[in-house]
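1. Provided below are the primary sequence and the corresponding predicted coordinates.
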Amino acid sequence: MKTRIIGNKIISLLSVDSTNDYARSLLSKETPEEGTIIISGDQKQGRGYGDNVWHSKRGKNLLFSIILYPEFISANTQFLISKVICLGICDYLSSYISDVSIKWPNDIYVDDRKIAGILIENDLVGSSMKNSIVGIGINVNQEKFPADIPNPVSLNQMIEKKLVLKDELKNLSGFLEKRYQMLARGMDDKIRKDYHEKLFRLNEMSWYQNGAEKFKAKIIGVSDYGQLILENQSGKTLEYNFKEVEFVL
């Protein structure tokens, strides 16, 4: 791998429907430099996982996508990309604040409040990875949020300081780069260990919901395939894919 990948090239936009969609359109026409960042001051149709929508006030937060070519990992271990991105964001946030955790599958929390979200879209060729579009939204300078967003928080609210977004993107890119290089060097066990230790509600008996069923369980891990692993009050191990189980907050 090159000495530095993430953030060597930055495409800066005033406004866009979705930086992930912009990245996908770019990939359909050419092969952008790996690590290219597409950042926008405003996303009109910012997306989260599934049907979720990402809300952000114009010019207040970090909203961007990264194009990666992680051909050194297999398709069946693609969740490792999510792990390294989550860890990179946690490393960055932890340089300012404490109690940062990863709420499976794709949110970053401070205590019980959401500060960042991730949307990763992978393209596969057979059993190999072709490319990854990594969408990231981090609440940086926003001070007020719509009432219908349940539990948001921003860095500004936590440290009571306005941050320069351009500087923060460069800072964050360094942390993401470090974790991505770990993945490229085959440090999978270290990544798994660090991710495990950062899990929101790890080993805490809490309420979860599977359809109409509400039950108590504790998180004991996340599989290599991305399933959440719970242990219920009877000691039974349960595994869930995305959207099959919900946290009761």
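-> Received the coordinates, thanks.

2. quickly list the domain ranges of this protein.
-> 10-197, 206-247 (automatic domain parsing).

3. which of those is buried the deepest?
-> domain 10-197 (a mean of 18; mean count of other CB atoms under 10 Å). Using the backbone N, CA and C atoms, a C-beta is placed for each residue, glycine as well.

4. and the end-to-end length of that domain?
-> 32 Å (CA to CA, to the nearest Å).

5. avg pLDDT for it?
-> If you average the pLDDT over domain 10-197, you get 93.

6. need the domains of the chain in CSV with distance to Arg4, can you?
-> Shown next, in CSV, are the domains of the chain (distance: least, CB to CB, whole Å):
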stretch, distance to Arg4
domain 10-197, 6
domain 206-247, 28
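
7. which stretches of the chain form strands?
-> Listed in chain order, the strands found in the chain under DSSP state E are 10-13, 37-40, 62-68, 100-103, 107-110, 113-125, 128-138, 206-210, 213-222, 228-232, 237-240, 246-247.

8. any chance of these in CSV, with distance to Ser94 too?
-> Below are those laid out as CSV (distance: least, CB to CB, whole Å):
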stretch, distance to Ser94
strand 10-13, 24
strand 37-40, 21
strand 62-68, 16
strand 100-103, 5
strand 107-110, 10
strand 113-125, 11
strand 128-138, 13
strand 206-210, 23
strand 213-222, 20
strand 228-232, 23
strand 237-240, 27
strand 246-247, 22
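
9. Tyr22: which of the ones you listed is closest?
-> Counting by CB to CB, Tyr22 lies closest to strand 37-40 out of the strands of the chain; the figure is 5.2 Å.

10. and stretch 25-43, how far apart are its ends?
-> With CA to CA, one end of stretch 25-43 sits 16 Å from the other.

11. other residues contacting it?
-> If you take CB atoms under 8 Å, 6 or more residues apart in numbering as the criterion, stretch 25-43 is touched by 2, 4-19, 22-23, 54, 56, 58-59, 62-69, 123, 131, 133, 137, 169, 173, 177.

12. output the contacting helices and strands for the longest helix seen in the chain.
-> Longest helix in the chain, counting residues (DSSP state H): helix 165-184. In terms of contacts (3 or more CB pairs under 8 Å, 6 or more residues apart in numbering; DSSP states H and E), helix 165-184 is packed against strand 37-40, strand 62-68, helix 79-94, helix 188-197.

13. try it again at 7 Å.
-> Secondary-structure packing of helix 165-184 (3 or more CB pairs under 7 Å, 6 or more residues apart in numbering; DSSP states H and E): strand 62-68, helix 79-94, helix 188-197.

14. now that helix and strand 113-125, what's the angle there?
-> Orientation check (axes from the mean of the first three to the mean of the last three CA atoms, to 10 degrees): helix 165-184 against strand 113-125 gives 50 degrees.

15. got the end-to-end distance for stretch 30-44?
-> Using CA to CA, one end of stretch 30-44 lies 24 Å from the other.

16. do the same with stretch 14-22
-> 13 Å.

17. show me what that stretch is in contact with.
-> With contacts defined as CB atoms under 7 Å, 6 or more residues apart in numbering, stretch 14-22 is touched by 38-47, 63-65, 119, 121, 133, 135.

18. what does stretch 169-181 give?
-> 1, 4-7, 39, 62, 84-85, 87-88, 91-92.

19. give me the residue at the spatial middle of the chain.
-> With distances taken as CA atoms, centre = their mean, Ile118 lies nearest the centre of the chain, 3.2 Å away.

20. quick one, what contacts the nearest residue to that one once chain neighbours are set aside?
-> Ranked by CB to CB, 6 or more residues apart in numbering and with sequence neighbours excluded, the top spatial neighbour of Ile118 is Asn106, at 4.5 Å. Contacts for Asn106 (CB under 7 Å, 6+ apart) come out as 49, 82, 117-119.
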